[in-house]
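Colleague: Sequence below, structure please.
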Amino acid sequence: METAAPKTFPAIIQETLTVVRKYYVTPGMLRIVLGGDGVSNFEGVQTGINNKIYIPPVGADTIYFPSFEHGAWVYPAGKAKPDIRTYTLRALDLEKGEMHLEFVVHGDSGPASAWAIRAVPGDILGVAMKAKTAPLYPEADWYLLVGDQTALPVISVILETLPAHAKGIALIEVPGRAEEQEIRTQANDMIISWLHNPHPGTGTLLADMVQQVLLPDKTQQSRFIYAAAETASIKAIRHYLRKEQDVDSQELDAYAYWKYGVSEDRSSVERHQESRD
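Modeller: Have a look, this model is predicted:
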């Protein structure tokens with residue numbers, strides 16, 4: 001009788017870092033700069049990738065990470081479990097020993113934004129990410145980048161790292177003009193279009209605008225599309241591109257970052273399914 005191979009997991013870097021400083025990039029986007037000896041262990045990690053942050057209970061001076069045992073993540077018995085959320089590695093400065101994360105702040109309704117708003121220098125935060133990660137995007141003749149405010153960190157990283165000859169369009173939905181950011185890119189033929197939706201997670205603005213984009217003929221140019229937004233938007237965008245525009249799976253990376261009205265942990269299964277389909 002055959003038995004299933006034991007479940008394995010990629011090497012994970014887990015470090016407790018401390019807040020060095022923070023500042024508002026826009027009224028609704030807060031950048032937290034973390035430091036500590038552990039930052040150097042993230043050398044070689046791709047900026048723009050998702051990572052897990054471990055938010056300690058109020059007043060805690062230690063973060064207890066889980067270990068992977070017998071095919072499952074296990075937390076130390078009797079220790080307070082941190083809140084876990086998914087965020088993007090915005091920047092990594094190994095010379096200064098600093099890691100940058102950006103938080104969309106919407107009051108204290110969620111543990112991550114509440115922590116970011118209240119954070120002061122010296123506060124601790126756990127960070128975990130894979131030791132080896134794939135490139136964010138492949139080389140292509142033409143790019144379409146699509147996202148709401150939660151995707152701004154990763155879209156910014158992509159724009160900042162695209163080669164000078166890259167061409168394409170970036171559609172970025174934010175609540176209003178005050179949330180637009182200056183994004184530096186050497187790809188002068190990338191058009192950045194800001195879309196204003198004062199009620200994030202509602203309406204079909206982002207998906208509607210994707211349908212206004214004239215995609216180049218894939219037999220003439222290689223294409224790559226990166227999309228990250230609220231679940232309903234990603235579902236509509238994916239359906240349009242895959243079913244109506246014959247976009248191949250290898251041409252599209254689409255991620256449901258959040259679900260309107262539902263917390264990250266409660267919407268995890270649905271979002272992951274939408275990101276895989």
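Colleague: Where does the prediction get shaky in the stretch 101-250 of the chain?
Modeller: Low-confidence segments of the stretch 101-250 of the chain (pLDDT under 70): 107-108.
Colleague: Please repeat the previous calculation with a cut-off of 80.
Modeller: In the predicted model, the stretch 101-250 of the chain carries pLDDT under 80 at residues 106-109, 132-133.
Colleague: all strands of it, in order?
Modeller: 124-130, 142-147, 167-174, 189-196, 223-230 (DSSP state E, counting those that start in this stretch).
Colleague: Can you lay out the ones you listed as JSON lines showing distance to Gln46 and mean neighbour count?
Modeller: The C-beta positions use only the backbone N, C-alpha and C, and glycine is treated the same way. Shown next, in JSON lines, are the strands of the stretch 101-250 of the chain (distance: least, C-beta to C-beta, whole Å; neighbours: other C-beta atoms under 10 Å):
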{"stretch": "strand 124-130", "distance to Gln46": "9", "mean neighbour count": "20"}
{"stretch": "strand 142-147", "distance to Gln46": "16", "mean neighbour count": "24"}
{"stretch": "strand 167-174", "distance to Gln46": "19", "mean neighbour count": "22"}
{"stretch": "strand 189-196", "distance to Gln46": "20", "mean neighbour count": "14"}
{"stretch": "strand 223-230", "distance to Gln46": "14", "mean neighbour count": "24"}
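Colleague: Distance to Gly28 for the ones you listed - can I get that in a markdown table?
Modeller: Converted to a markdown table, the strands of the stretch 101-250 of the chain look like this (distance: least, C-beta to C-beta, whole Å):
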| stretch | distance to Gly28 |
| --- | --- |
| strand 124-130 | 20 |
| strand 142-147 | 15 |
| strand 167-174 | 8 |
| strand 189-196 | 13 |
| strand 223-230 | 15 |
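Colleague: List the buried residues for stretch 246-266?
Modeller: Val247, Glu251, Leu252, Ala254, Tyr255, Ala256, Tyr257, Trp258, Lys259, Glu264 (16 or more other C-beta atoms under 10 Å).
Colleague: Next up, the contacts around the first one.
Modeller: When you say that, I think you mean Val247. If a contact means C-beta atoms under 8 Å, 6 or more residues apart in numbering, then Val247 has Leu215, Lys218, Arg223, Ile225, Leu241 as its contacts.
Colleague: re the thing from before, quick one: which of the strands of the stretch 101-250 of the chain is nearest Glu95?
Modeller: strand 124-130 (18.6 Å; C-beta to C-beta).
Colleague: what are the pairing partners of the closest one, and which direction each?
Modeller: With DSSP bridges as the test, strand 124-130 is paired with strand 12-26 (antiparallel), strand 50-55 (antiparallel).
Colleague: and the nearest residue to Leu17 once chain neighbours are set aside, what are its bridge partners?
Modeller: Leaving aside its sequence neighbours, Leu17 sits nearest to Leu34 (C-beta to C-beta, 6 or more residues apart in numbering; 3.9 Å). With beta bridges defined as DSSP bridges, Leu34 has these partners: Val19, Met99.
Colleague: Leu34 and Thr204, how far apart?
Modeller: Leu34 sits 37 Å away from Thr204, going by C-beta to C-beta, to the nearest Å.
Colleague: same check, this time on Tyr260
Modeller: In terms of C-beta to C-beta, Tyr260 sits 12 Å off from Thr204.
Colleague: And the chain, what are its domain boundaries?
Modeller: Per automatic domain parsing, the structural domains of the chain span 12-130, 142-276.
Colleague: residues in contact with stretch 198-215?
Modeller: Applying C-beta under 8 Å, 6+ apart, the set of residues contacting stretch 198-215 is 144, 146-149, 169, 171, 173, 175-176, 193, 195, 197, 223, 227, 229-230, 232-233, 236-237, 240-241, 245, 247, 258, 260-261.
Colleague: Can you check the pLDDT for Ser263?
Modeller: Here the pLDDT value assigned to Ser263 is 72.
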